[in-house]
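**Q** Sequence and predicted structure are below.
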Amino acid sequence: MYGKVIGRLSNWMYSYILIILLVGAGIYFTIKTKGIQFRALKEAIKVVMEPKDDEKSISSFQALMVSTASRVGTGNIAGISTALCIGGAGAMFWMWLIALLGSASAFIESTLAQIYKRKAADGSSYGGPAYYIQAVLKKRWLGVLFAAVLIVTYMGGFNMVAAFNISDSFRRYDFYQPGTTPLVIGMILAVVFGICIFGGSKRISKITEVLVPLMGIFYIGVSLFIVITHLNLLPGVIASIFKGAFDISAIFGGFAGSAIMQGIKRGLFSNEAGVGSAPNAAASAGVSHPVKQGLVQMLSVYIDTIVICSATGFMLLCSGVIPEEGIAGMPYVQEAVAGSLGSAGSVFITVALFLFAFTTLIGNFYYAEMGLRYICDKTPKKLIMNIFRIAAALIVCLGATMDFSVVWDTADVLMGLMALINLPVIVLLAKPAIRCMQDYFKQKKAGKNPVFKAKDINLETKTDFWN
């Protein structure tokens with residue numbers, strides 16, 4: 001019963017509301033920023049490599065790795081497989097479009113998070129959508145609602161998907177027993193995950209800054225190898241992506257399973273642009289100007305979708321294995337890779353997925369922790385924090401044992417609710433971010449390393465860092 005209800009709700013949200021909101025907001029911000037995601041890409045890469053300006057906060061690179069740890073995960077492997085199996089090759093085109101438009105939304109939300117970030121007792125910074133909602137709109141209840149949805153989405157929906165996909169990747173092996181193997185994997189995963197999160201957010205940033213780049217480079221390398229060894233199929237694959245993207249009869253014949261719907265769902269799940277998650281990491285960075293984190297988080301969307309999701313898509317489509325609904329998720333990925341690399345391919349995908357999903361679990365918990373901090377209006381007491389962490393570990397264990405469609409639809413609906421709150425808010429609050437952007441490039445043009453002062457853009461709201 002729950003599975004049917006959540007599935008219908010997911011299809012309804014993405015068919016009638018979110019497609020308009022996501023595309024509309026992306027176009028609006030692209031126009032208002034004069035195509036920031038295209039013209040400032042080189043600048044974004046430069047900013048990532050800058051040292052942190054505040055010793056008590058994390059660096060731009062660490063903030064990028066925390067947000068990328070959450071973005072780059074099961075959505076980049078199992079999510080792309082699901083989109084291709086249900087929506088066809090054309091889903092890739094719509095993923096790219098959502099990423100290109102969404103990166104402008106990511107720039108705005110993360111710049112806002114930096115402008116309105118708060119100062120902790122130890123001098124470090126924190127913030128996110130809940131904080132800029134309260135600072136500018138003066139509606140704490142709305143901030144609490146967003147923080148609560150954030151916790152349920154990331155600690156609940158997204159972490160259940162990550163745990164499920166790790167468990168599902170073992171289905172191909174002979175030792176797999178449907179009744180017991182998922183539970184055993186879930187318990188092991190929960191214990192290892194618990195050890196990491198009890199170390200706190202500083203340990204999280206240290207783990208992710210090492211694992212994320214390594215796993216990304218290795219995974220892309222294998223993807224390229226498979227594409228190169230099937231190079232004769234590449235022209236046909238590219239043609240099928242663009243043909244499938246505009247297959248009108250398929251789109252209107254069953255929109256829920258169309259390339260547009262699957263591309264938007266899986267693209268948003270993968271890059272999270274405009275959802276309101278990455279600003280929580282962006283606010284923790286110590287930078288001289290808010291726009292620097294806006295550019296960094298914009299770059300994270302490119303890394304996630306344009307680079308890693310594309311690597312998965314081309315790897316699967318060039319493998320020669322036909323995507324079908326019956327093998328959606330990990331089975332299609334493993335079959336495709338095993339066809340090129342033999343049995344070692346299945347092992348590689350299991351290891352890669354574990355690393356992708358595990359860093360996702362950690363990055364997601366970081367966001368959930370930020371949501372709890374906002375609701376408590378301070379650093380939560382040790383007892384509350386420990387109960388919260390134990391609950392997070394139990395959810396991971398539960399997710400490993402759940403049903404394919406239920407975990408994906410639950411995550412999609414919860415993510416959609418976050419976007420329904422955050423996107424209208426950042427449209428309303430866009431002016432300070434736009435003025436901040438103009439100030440940044442004005443200083444760059446003058447040959448300066450931009451330093452932000454609230455008075456330079458006539459910011460009326462008092463801030464903890466920029467006065």
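**A** Ah, there it is.

**Q** and residue 263, how many neighbours?
**A** 26 (other Cβ atoms under 10 Å). For glycine as for every other residue, the C-beta is placed from the backbone atoms N, C-alpha and C.

**Q** On the three-state scheme, it is what?
**A** helix (DSSP: H, G, I helix; E, B strand; the rest coil).

**Q** Need the mean per-residue confidence for stretch 11-24.
**A** For stretch 11-24, mean pLDDT rounds to 78.

**Q** What of stretch 143-151?
**A** For stretch 143-151, the per-residue pLDDT averages 94.

**Q** same deal with stretch 174-182?
**A** 85.

**Q** what about that stretch, start to end distance?
**A** In stretch 174-182, first residue to last residue: 14 Å (Cα to Cα, to the nearest Å).

**Q** quick one: buried residues of that stretch?
**A** 181, 182 (16 or more other Cβ atoms under 10 Å).

**Q** so where's this protein shaky on pLDDT?
**A** Applying pLDDT under 70 to the chain picks out residues 15, 52-59, 63, 65-74, 200-212, 247-257, 269.

**Q** Near the closest residue to residue 318 other than its chain neighbours, how many other residues are there?
**A** Counting by Cβ to Cβ, 6 or more residues apart in numbering, the nearest residue to residue 318 once its immediate chain neighbours are dropped is residue 230, at 4.2 Å. Counted with other Cβ under 10 Å, the neighbours of residue 230 add up to 18.

**Q** you'd agree residue 230 is up against residue 316?
**A** No. The pair residue 230 and residue 316 fails to qualify as a contact (Cβ atoms under 8 Å) at a distance of 10.7 Å.

**Q** Check which helix or strand residue 113 maps to.
**A** Assessed by DSSP states H and E, residue 113 sits inside helix 91-115.

**Q** Helix or strand next in line after that helix, which one?
**A** Assigned by DSSP H and E, the successor of helix 91-115 is strand 118-119.

**Q** Give me the contacts around the helix or strand following that next one.
**A** Remark: after strand 118-119, the chain's next helix or strand is strand 125-126, criterion DSSP H and E. Strand 125-126 has contacts (Cβ atoms under 8 Å, 6 or more residues apart in numbering) with 54, 56-57, 117-120, 280, 283-286, 370, 373, 464-465.

**Q** Just the buried ones out of these, please.
**A** Applying 16+ other Cβ under 10 Å to those flags 54, 57, 117-120, 280, 283-286, 370, 373, 465 as buried.

**Q** Can you name the residues that contact the residue lying closest to residue 94 once chain neighbours are set aside?
**A** Leaving aside its sequence neighbours, residue 94 sits nearest to residue 263 (Cβ to Cβ, 6+ apart; 2.6 Å). Contact analysis of residue 263 by Cβ under 8 Å, 6+ apart lists 83, 87, 90, 91, 92, 93, 94, 95, 97, 98, 245.
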